[in-house]
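In: Here is a sequence together with a model predicted from it:
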Amino acid sequence: MISSNPAIFIVPCFSIGIHPIPTIVFTNSSDPDDINKSYLLGANAFHTKPIGMAGLCQMLKKIYAYWMDVDLPNIDKNGNLKFAASDGKLGGKMHPVVIA
């Protein structure tokens, strides 16, 4: 069955070669299947719209604050990851992953 949530169909468009643009699903749906499908298709966040203008403004402020403060990967002008010369703090140098 095809979901009635149009946001589900938008997610794959943003998940193909344009990273790291965050994809946020903002919808009236709180259906667990819509949430799962959104994340499986590459969404970075899923938010159900609150009822009322005050709740909406509060949620949008929180979403904005989060995405303005989050650490995103370092990318070049073509959107490819730039790999650091260090070994990092998490144990081992990160190497590019080749997907065949």
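Out: Looks like it came in fine.

In: going forward, measure contacts between C-alpha atoms and count neighbours the same way
Out: Noted.

In: which strands and helices sit next to the helix or strand hosting Tyr39?
Out: Using DSSP states H and E, Tyr39 sits within helix 32-40. On a contact count with 3 or more CA pairs under 8 Å, 6 or more residues apart in numbering; DSSP states H and E, helix 32-40 meets helix 7-14, strand 45-48.

In: The longest one - what's its average pLDDT?
Out: Confidence for helix 7-14, expressed as mean pLDDT, is 54.

In: Please point out which parts of the helix or strand following it sit buried.
Out: Heading C-terminal from helix 7-14, the first helix or strand you meet, by DSSP H and E, is strand 24-27. In terms of neighbour count (16 or more other CA atoms under 10 Å), strand 24-27 has its buried residues at Ile24, Val25, Thr27.

In: which helices and strands does whichever helix or strand Cys57 is part of pack with?
Out: In the assignment (DSSP H and E), Cys57 maps to helix 53-69. On a contact count with 3+ CA pairs under 8 Å, 6+ apart, helix 53-69 meets no helix or strand.

In: what sits up against that helix?
Out: Lys49, Pro50 (CA atoms under 8 Å, 6 or more residues apart in numbering).
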